[in-house]
Structures are given as structure tokens and as C-alpha cells.
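Q: coordinates for the following, if possible.
(2 chains)
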Amino acid sequence: MNSLIKLELARALRNRKFLFFSVIYPSALFLLISSTSGSPTTKVTGSDLTVATYMMVSMASFGALTAVLMGNSERIAKERENGWVRQLRLTTLPGRGYVLAKTASAAVVSLPSIVVVFVVAAALKDVRLDAWQWLALTGAIWAGSLVFAALGVAIGYLASGDAVRPITMITYFGLSILGGLWWPSAVFPGWLQDIAKWLPTHAYAALGQAIEQSRAPHAGDIAVLVAFFVLFAGGAAWLYRKDTLKA
Amino acid sequence: MTTTRTTTGPVVGFDRVTKAYGAVRAVDGLSLELHPGETVALLGPNGAGKSTALDLLLGLKHADDGTVRVFGTGPREAIVAGRVGAMLQSGGLMDEVTVAELVRLACDLHPKPYKPADVLARAGISQIADRKVNKLSGGQAQRVRFALATAGDSDLIVLDEPTTGMDVAARQAFWATMREQADQGRTVLFATHYLEEADAIADRVLVLHRGRLLADGTAAEIKAKAGARRVSFDLEGTIDEAPLCALPFLTSIDVSGQTVRIQSTDADATVHALYGLGVYPRNLEVAGLGLEQAFVAITEAEEARQS
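A: Down below sits the predicted model:
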């Protein structure tokens, strides 16, 4: 399976468009938002973090989300259709190996998309945190991205052909914007905030923001993430099994 | 290179295997055995159930009824043991990687791998090794699929319509490559809808029609059965059927109006005898039966024999 992971990874790293959107784009968006939002000491509505500190976690989460969601859903759908998945089933690779290799290679790309945002934030926007906070942030955002990796796999097995791109896009932008990754959800109208707090992306960013404030993450946020992980991973497994029987 | 292949018992065994899609039985009570070292053609028109039969053999589909054994185990176990290499008609390739990278992956995944360079050379794709998979022509892609199927020392090679998309020259080169595989003592099973292809390569031909095994024999035997020709002509006046029915090598006759249609296993002899009857056939036409019609002819003959 390692050889498939290596090949998936080589392919991902060769894909400039994918690297741009998952690694460069979130950092650029971070600079844009944090530079146009008042003085460096302005606090974000409903939080005691500065704009730069707050947005750093949002954009690192957004980058990881892009890396694990965008590539996989579309590729899985396409490779199911063109028969590569069938061809792989004629090898010694265990059935799950394909999905695991996809997830593992996405996880490797999501790491730089997190770290690059941190480096840009520290170097250009003077974000200062303790060493343990940097490590914990990286770990939490990286591990949390598994929730969305599972979602990407589920979409790849659910949708096919022309449908997969719009479904991925709507899910991706919907989760990013409504979950408060682009703007703090505290600026949303009340009814929208009520929806946002149940989204996995909201809980995902809240995890990182708690670490920045040296607080333990809310149990509620962890519960939301775990629940979504079980839902997405279970859905992906069920859809995968259905697809295998059909093929 | 010669390898001794220690195989006792059948390579593949289908025992009354049935697979249906809704009301359509793609494979219908199919029983067959393949023996070590055979090169076997699975011949049939489109929709005969060839692909479904191969999918069942490879464990990609599961039988509704009956059992499929490969080297005495289930298909998946045989694949995991590295004993089966396969090339699917619908087998896609991973794109945006090079041919060499893909072949290396196939070698890495095989329990008894060959060197990637050798696999590329044998499949005749060394010169396109650095090309991206999604930039290949249809024939080149088929060769890459073949390389994936032969990445290791498998005992059974399964190929589903391997020459699709190849021109005549590429086809011949391909069959030469495939013969090397068979010469190394491997069992080779390939599906095709070309009788000539089965004739040129296989030492055993299985004819599949509507999911059933219609015939099982050497290519020559099948050709004799399926090599029927159709003779049609018009006669004037009242047609006396009795002498026509007695024509030699005739397998069926149909008279409608002034037109007589005959199927014959030896059209030359039949036509010669026709003139001997003293009639004057007009608009005489002799045509070969397409494979599909030949199958229908064999089916009808089988059904007539059974009733």
C-alpha cells in the first residue's frame, strides 16, 4: 500500500492547481483578511483574540479542509467510473487500501497548508504563541482534518460524473463560510449563528481558537466533531461497500 | 525463462454458476473447467455474458448461485496469492502518472514481481515509459493494461477483449506477446468476439451465448460448427421442397414465396448439388454467417437436438 500512497502523493505534489488552492491560497486569504481588518490590536467580535490570531486558525483549518476534501472526492468519483478502482481490486491491495492511500496522501498535503499559514502569520503579522500552542494547534487541525477527509471519500462514492464537482463545491464553500472560517460567525444574524454552531467546520476552528486562548476545548465542539466523523466515515464505508458489490 | 508450475487439479472451476441482473440471466448455469497450460478463448457475441463470467472468475462479482473456484480457492484468495493477472475491458488507469510509475506500482503490489523494466519491455512499451498515462492512444493504453496484468509471475492470465482499439499490426504484435506468456506454461483465458482471433491463438474455444456454454472444443471444431454459410436464391413456378430438403450439408431451409433460403455447412457442395436437381436458381447469393448468426444457428441446432 505504501507504493500507492507514494504514487498518489507524487501525483498530488505535481498538480500545481491543487497545491495553489490548498497551500498558497489560504495563506494569501489570511494576509488579505488580517490586513484589511482595522488595527492589529482589534479584537474579533465575541472573542478576545486579535483578528490575525483568530484568522490564522480559521485559514489553517480552511487550507486543511481544501487539501483533504477537494482532491479526493472528485478523483474517487472519476476513478470509480473509469475503472481504475476495479483494476486495483485485481491486485493484492486490500479493498480499504485505495481509500486509505487517498486519505494518507491528502493528509501529507494538508500539513504544509497548515504550517505555511502559521509561518506567514508569525513572520508577517506578529502572531506570538507558546511553543506548546503551536504544536497543539498543528496537531489538532491536522487530526481534525480527518473528519473532512472522510467526507471527501463519502462524496466520491456518492456522486458520479458531472454531479461530483458541484456537490463538492457547494459542500466546501457551505462548510467554510457558514462554519465561520472566512468571517467569524459572531457577525452572523442570530438564526444563522444557531445553524453555524452545529457545523463541523465551526467546531473545528473552535478547537484551534481554544488552544490559542490556552483553554481546554469545549466538550460540545469535540462531540460535534466526533459525531460528524462517525457519520462521514460510516457513510463512506457504507457507500464503499455498496459500490464494491455493484462493480 | 522456463518455470515449472506446480498445479494439480483445474485452474478454474465453474460449477452451475448463475448471475442475473433483474430478469436477465447474464450467466446461466455455467459449468466449466480450465486446465493448466491451456490457452482458452471465451468466444461470444456482445451481451453473451463473457465479461460477467470473467468478473465472476476474478471475484469482482459474486454468483447468485453455484461456485467459482480458482486454483482450488476463492477468486480473491487466488489473486492475493499472486496467481492471477488480469486485464479488464473496463479496467481504467490512474492518470497524471507516467507509464513507468504505474507499472512499478503493479510490480510492487505483486507477491512474485518481475523487474519493472522487463515488464515494460515485454509489453512493448519501453519507449513510452515516461509518457503520462492520460496521453496514450487506445492501443497504447491496452498495452499498459497488459503490462499491469503481467507484472508478476502469475499462473493464470485473464484478458477481456484485449485487442479492442488496436489496428491489425498492433493486434498481431500483441498476440505474439501473449503467446510468449502461454509458452511459459501459463494458463491464458481471453474473451473475444472474433472467431479468427480465437482460431489463431487458442487451443480450446468456449462458445458462450446468452450466459450458457454452447460449445467447447478446438478452434477447428467450432469453426466447422459456426462456419456455416447462407445460400439464397429464387425459383420460378411451384417449388417442390422435397428434393431441396435432401440437398447435402444442409442444416436448415426456409421457403417463402419464390425465395429459398438455405444454411449449409459446405455451401460449395450444396450449390453444386442444387444445379444437379435440374432447376434454374436465379439471384443466387452465398454469404458467410456473422458470428452472431452462427451462434443462433448452433443454438437452434442444439435445441432441435434436445427436443
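Q: all helices of the stretch 151-300 of chain B, in order?
A: Using DSSP state H, counting those that start in this stretch, the helices of the stretch 151-300 of chain B run over B:168-183, B:195-201, B:219-226, B:241-245, B:267-276, B:291-306.
Q: now chain A
A: Ranges of helices in chain A, per DSSP state H, are A:2-14, A:16-19, A:25-35, A:51-82, A:84-88, A:95-124, A:131-158, A:164-178, A:190-196, A:200-212, A:219-246.
Q: want to throw those helices into a markdown table with distance to B:S137 and mean pLDDT?
A: Yep, even glycine has a C-beta here, placed from its N, CA and C like the rest. Output for the helices of chain A, formatted as a markdown table (distance: least, C-beta to C-beta, whole Å; pLDDT from 0 to 100):
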| stretch | distance to B:S137 | mean pLDDT |
| --- | --- | --- |
| helix A:2-14 | 22 | 89 |
| helix A:16-19 | 26 | 86 |
| helix A:25-35 | 36 | 90 |
| helix A:51-82 | 16 | 90 |
| helix A:84-88 | 18 | 90 |
| helix A:95-124 | 27 | 89 |
| helix A:131-158 | 28 | 93 |
| helix A:164-178 | 27 | 93 |
| helix A:190-196 | 51 | 89 |
| helix A:200-212 | 44 | 92 |
| helix A:219-246 | 29 | 89 |
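Q: how about the ones you listed in TSV, adding distance to B:V40 and mean neighbour count?
A: As requested, these are exported to TSV (distance: least, C-beta to C-beta, whole Å; neighbours: other C-beta atoms under 10 Å in any protein chain shown):
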stretch	distance to B:V40	mean neighbour count
helix A:2-14	32	17
helix A:16-19	45	13
helix A:25-35	55	18
helix A:51-82	28	26
helix A:84-88	22	22
helix A:95-124	29	20
helix A:131-158	35	21
helix A:164-178	40	16
helix A:190-196	62	12
helix A:200-212	53	24
helix A:219-246	28	15
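Q: B:L56 - how many residues pack around it?
A: Counted by other C-beta atoms under 10 Å in any protein chain shown, the residues lying close to B:L56 total 24.
Q: for B:L57, grab the count of nearby residues.
A: B:L57: 26 surrounding residues under other C-beta under 10 Å.
Q: if I look at it, how far off is B:K50?
A: Using C-beta to C-beta, to the nearest Å, B:L57 is found at 11 Å from B:K50.
Q: one more: A:G95?
A: Separation of A:G95 from B:K50 (C-beta to C-beta) stands at 25 Å.
Q: cool, A:F188 as well?
A: In terms of C-beta to C-beta, A:F188 sits 59 Å off from B:K50.
Q: how about B:G165?
A: Separation of B:G165 from B:K50 (C-beta to C-beta) stands at 17 Å.
Q: out of these two, name the residue with the larger neighbour count.
A: Using other C-beta under 10 Å, the more surrounded residue of B:G165 and B:K50 is B:K50, with 25 against 14.
Q: now do the contacts for the more buried one.
A: B:L42, B:G44, B:D160, B:E161, B:A191, B:H193, B:L208 (C-beta atoms under 8 Å, 6 or more residues apart in numbering or on different chains).
Q: closest one of the residues you listed to chain A?
A: Taking C-beta to the nearest C-beta as the measure, chain A lies nearest B:D160 of the contacts of B:K50, at 10.8 Å.
Q: which pLDDT value goes with the closest one?
A: Looking at B:D160, its pLDDT reads 92.
Q: residues contacting the residue lying closest to A:Q209 once chain neighbours are set aside?
A: Nearest residue to A:Q209 in three dimensions, chain neighbours excluded: A:V57, at 5.4 Å (C-beta to C-beta, 6 or more residues apart in numbering or on different chains). Shown in contact with A:V57 (C-beta under 8 Å, 6+ apart): A:L137, A:I141, A:A205, A:G208, A:Q209, A:E212.
Q: thought the second one was touching A:S61?
A: Yes: judged on C-beta atoms under 8 Å, A:I141 makes contact with A:S61 at a distance of 5.6 Å.
Q: so where is the stretch 201-307 of chain B shaky, pLDDT-wise?
A: B:225-227, B:289-303, B:305-307 (pLDDT under 70).
Q: A helix includes B:V40, no?
A: No: read with DSSP: H, G, I helix; E, B strand; the rest coil, B:V40 is strand and lies in no helix.
Q: which ones are touching it?
A: Taking C-beta under 8 Å, 6+ apart, we find B:V40 in contact with B:L34, B:T187, B:V188, B:L189, B:F190, B:A202, B:D203, B:R204, B:V205, B:L206.
Q: tell me what the closest residue to the fifth one other than its chain neighbours is bridged to.
A: Closest residue in space to B:F190, ignoring its immediate chain neighbours: B:L159 at 4.1 Å, by C-beta to C-beta, 6+ apart. Under the criterion DSSP bridges, B:L159 forms beta bridges with B:M87, B:F190.
Q: how near is B:L159 to B:A176?
A: For B:L159, the distance to B:A176 - C-beta to C-beta - is 14 Å.
Q: residue most distant from the centroid, chain A?
A: A:L90 (31.7 Å; C-alpha atoms, centre = their mean).
Q: so it touches B:L54, yeah?
A: No: with contact defined as C-beta under 8 Å, A:L90 does not count as touching B:L54 (10.6 Å).
Q: common neighbours of the two, please.
A: When C-beta under 8 Å, 6+ apart defines a contact, the residues bordering A:L90 and B:L54 alike are B:A86, B:L88.
Q: which one is the residue most central in space within chain A nearest to, not counting chain neighbours?
A: For chain A, the residue nearest the mean C-alpha position is A:L65 (1.6 Å; C-alpha atoms, centre = their mean). In space, A:L65 comes closest to A:F148 once its chain neighbours are excluded; the distance is 5.1 Å by C-beta to C-beta, 6+ apart.
Q: now that neighbour: how far from A:I76?
A: Distance of A:F148 to A:I76, given as C-beta to C-beta: 14 Å.
Q: and if you look at B:E77?
A: B:E77 is 27 Å from A:I76, where distance means C-beta to C-beta.
Q: close to chain A: what parts of chain B are there?
A: Within chain B, the positions near chain A by C-beta under 8 Å from any C-beta of the partner chain are B:58-62, B:79-80, B:82, B:84-86, B:88, B:90-97, B:101-102, B:104-106, B:108-111, B:145, B:148-149.
Q: select only the buried ones of these in PyMOL?
A: Here is the PyMOL command that picks out the buried ones among these, judged by 16 or more other C-beta atoms under 10 Å in any protein chain shown:
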select buried, chain B and resi 58+59+60+61+79+80+82+84+85+86+88+91+92+93+94+95+97+101+102+104+105+106+108+109+110+145+148+149
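Q: got the residues of chain A near chain B?
A: Counting by C-beta under 8 Å from any C-beta, the residues of chain A close to chain B are A:3-4, A:7, A:10-11, A:14-15, A:79, A:81-87, A:89-93, A:245, A:247.
Q: ok so, going back, make TSV out of the helices of the stretch 151-300 of chain B and add mean neighbour count.
A: Converted to TSV, the helices of the stretch 151-300 of chain B look like this (neighbours: other C-beta atoms under 10 Å in any protein chain shown):
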stretch	mean neighbour count
helix B:168-183	15
helix B:195-201	18
helix B:219-226	18
helix B:241-245	12
helix B:267-276	16
helix B:291-306	15
